Structures are given as structure tokens and as C-alpha cells.
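Visitor: model the following, please.
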Amino acid sequence: MSKFIEDSKGDLFGILPNGTAIYSYELTNKNGLRLTIINYGATVTSLKLPLNKSDTIDVVLGFDNLEDYVKSFDLENAPYLGATVGRFAGRINKGRFNLNGKSYHLNTNNNSHSLHGGNIGFSQKVWEVKTVTKGENPSITLAYFSPNQEENYPGDLSVELKYTLSDENELILEYKATASEDTIVNLTHHSYFNLEGHKAVISDQEIVVNAQQFLEINDENIFTGRFLNVLNSTSDFSFPDKCPSNIDRTFVLNKEKRVAASLFSVKNNLKMVVITNQPTVHVYVGGDTADIGGKDGAQYHSLSGICFETQNFPNATNHPHFPSSILKKEEIYQHLTTYKFELS
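Guide: All right, here's what the predicted structure looks like:
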């Protein structure tokens, strides 16, 4: 066992087929909010919130064991439960892009496109646990080194992700990355949230998305480069509305607001506010969790949870008018997202 694991006091979660041990780590803030992370995919496996002195709910979907996490990536539509997504979240058309006059062809894993980093993205990598802090605002920092040409991406990429559980009941994600040469980066978090517990349905929970536009996609879910208005569309969540039964949409966030979106459970008087420095939030409810056996004996379905994937514009590298996803050699990629929980 390596020294950083011993110092970090992780609990054995399972053994990968290649013999690598995976560990889990629990953070608890002063209010009793408990976060559990595993270093496989830098994945959130549970987030347990006390509603009162006697009731606690787990507000994210997950699995009981490592084997189920590993096998989930063999499904036709991998759910990416709680995982860190990279090098590039979303789809890149045909897995192709140009950078500095050179053409790159990434590994493709979604029809003929590259999705969420390719065949084996960051969600399936073993991350190094660098530090774990306890006490006030506990945190865990994980790191992953992605070598040049992994999934055919250019340049070595060094990534750090810090999860902090603040004493204000915030789950704070801070991403940093540097590259040995110019490359493209777009990282995100893929938890499925349910404010009534991971065994419940989200149908009666209300969402708000602070966006006036969303990105058009074609019939292969590839972004065309066009912006569409949410007004008078089924994608208008400017005011509280019930969670849709099916949505897979990237919203362009209002620049004047730091709050990207919110989710509210009337039943539990519980609200989650999503705050980010990223230009979009991808909202997803759908079939990737259908008929999956989850933790604690749960049987997940298409309405088990909702994702709020804060990120840069997907397929940005193929649309010059989108915000640049290029990370230059001398620059630092920085991404900050907070999921804040408020009890009424």
C-alpha cells in the first residue's frame, strides 16, 4: 500500500481486474452532511444530508461496489454515475478537430463520435489522492496525469480536482489543469441528483435554469453551432417548472448571474443551487439510468435523477464562435462549480 493512501486513511472499496486497489473517503461537515468519494473516476458515491434530527437522505445515485461501477461502462449507454468526465465532456463531432494547423482524430465511442473523453476517459481512471483534510470545511484533493496521445489527445495533461464540503452545506468542486503543449480540455461532474432520496422519482421536483438560449443539436446529438431561444419553447425553465421526463440539453448561461440552475423538493423543503464560472450547464434526465440496480437495493429508472453538468460549450473546438476550449501550454485551466443545499 502506498504512503499517500495510508496517510489519507481511505477504506478499501474494491479491487480492479488488474489488481489495483480502490479506496473510498468520507468527508463530514459540522452539520452532518456526509460526502463519499472513491478514487476510481474521482467519483461521488453518496451525499447524505440530514433533513432533521432523525431523517437523512442520500441525494445522489450510485452503486454499492466497485464491480458495478466498472461494469456500468460496458452498458450500451454508460450512466457515468457520480463520475468526473474528461478530457472533454460531451460529444466531439466525428472525434475530429484541428489545433495549430494540425488535424487530430480522437478515439470514437458514441456512434462515430467521441463522447466524454473517448473509450477510457477520466471517469474510468485511477486518481491519486493527494490530501484529505478534516474539521472545518473538510476537503479531498485528487490528481490524474493524462499522457500525451491518451485517447489521441495532444500533450501531457496534469489535472487536480478538489472536493470541499463547506460548513454552509456546499459541495465545492475546483478543477485545475496544465498541459505540456496546446490541447483541448472540458471537464465536468456527472452526479444524478434527487432531493427526495436516490430511490425516489424526480417528477414533482422543480427546476430553474438561468438561460435565455440553448444549443441546437442534430439527430445524432451533435451541436450545430446555432443558438436557439428558450422563450416559448419546451426548454424554458426561467421560472420554476416540474422536472421534464426526458431532457438532454445544453443551456447558455446568463452572463450576469453566477447561479446556473436550481432544483427544489416541495416534499422535503430542500433546495439545491448550482453555481459555476462555466458558460453552460448541460441538463440531463433520461434513459441511461433505466433498469440499473443501484445501491441499497434500489432499482433505478429514467426518472431516478437529474444531472447538472457545468462546462464549456460541447464540440467547441469545431465552432470558432463558441468560447475557446484550447488550453495553451503556459496557461492554467480553472473550473469552479458549487452545489449548495438549503433547507427551508
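Visitor: okay, residue 286: pLDDT?
Guide: You'll see residue 286 listed with a pLDDT of 83.
Visitor: report the contact partners of it.
Guide: 246-248, 302 (CB atoms under 8 Å, 6 or more residues apart in numbering). (Each C-beta comes from the backbone N, C-alpha and C, glycine too.)
Visitor: closest one of those residues to residue 322?
Guide: residue 248 (18.4 Å; CB to CB).
Visitor: any idea what the residue lying closest to residue 174 once chain neighbours are set aside is bridged to?
Guide: Take residue 174 and drop its neighbours on the chain: the residue closest to it by CB to CB, 6 or more residues apart in numbering is residue 162, 4.4 Å away. Counting by DSSP bridges, residue 162 is bridged to residue 141, residue 174.
Visitor: start at 200 instead
Guide: Sure, I'll start counting at 200 from here, so that last one is residue 361.
Visitor: can you give me the neighbour number for residue 361?
Guide: 18 (other CB atoms under 10 Å).
Visitor: what residues does it make contact with?
Guide: Shown in contact with residue 361 (CB under 8 Å, 6+ apart): 338-341, 371-373.
Visitor: from these, which would you call buried?
Guide: Among the contacts of residue 361, the ones that count as buried by 16 or more other CB atoms under 10 Å are 338-341, 371-373.
Visitor: how about the strands in the stretch 200-349 of the chain?
Guide: For the stretch 200-349 of the chain, strands defined by DSSP state E, counting those that start in this stretch occupy the ranges 210-214, 220-227, 233-237, 242-249, 255-257, 282-284, 290-291, 295-298, 301-304, 313-314, 327-332, 338-345.
Visitor: now mean pLDDT and distance to residue 427 too, for those, in JSON lines please.
Guide: As requested, the strands of the stretch 200-349 of the chain are exported to JSON lines (pLDDT from 0 to 100; distance: least, CB to CB, whole Å):
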{"stretch": "strand 210-214", "mean pLDDT": "97", "distance to residue 427": "42"}
{"stretch": "strand 220-227", "mean pLDDT": "98", "distance to residue 427": "40"}
{"stretch": "strand 233-237", "mean pLDDT": "98", "distance to residue 427": "36"}
{"stretch": "strand 242-249", "mean pLDDT": "98", "distance to residue 427": "31"}
{"stretch": "strand 255-257", "mean pLDDT": "97", "distance to residue 427": "36"}
{"stretch": "strand 282-284", "mean pLDDT": "98", "distance to residue 427": "24"}
{"stretch": "strand 290-291", "mean pLDDT": "96", "distance to residue 427": "18"}
{"stretch": "strand 295-298", "mean pLDDT": "97", "distance to residue 427": "23"}
{"stretch": "strand 301-304", "mean pLDDT": "98", "distance to residue 427": "29"}
{"stretch": "strand 313-314", "mean pLDDT": "96", "distance to residue 427": "22"}
{"stretch": "strand 327-332", "mean pLDDT": "97", "distance to residue 427": "41"}
{"stretch": "strand 338-345", "mean pLDDT": "98", "distance to residue 427": "34"}
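Visitor: which residues of the chain score low on pLDDT?
Guide: Applying pLDDT under 70 to the chain flags residues 200-207.
Visitor: can you pull out the helices in it?
Guide: Counting by DSSP state H, the chain has these helices, from start to end: 202-207, 265-271.
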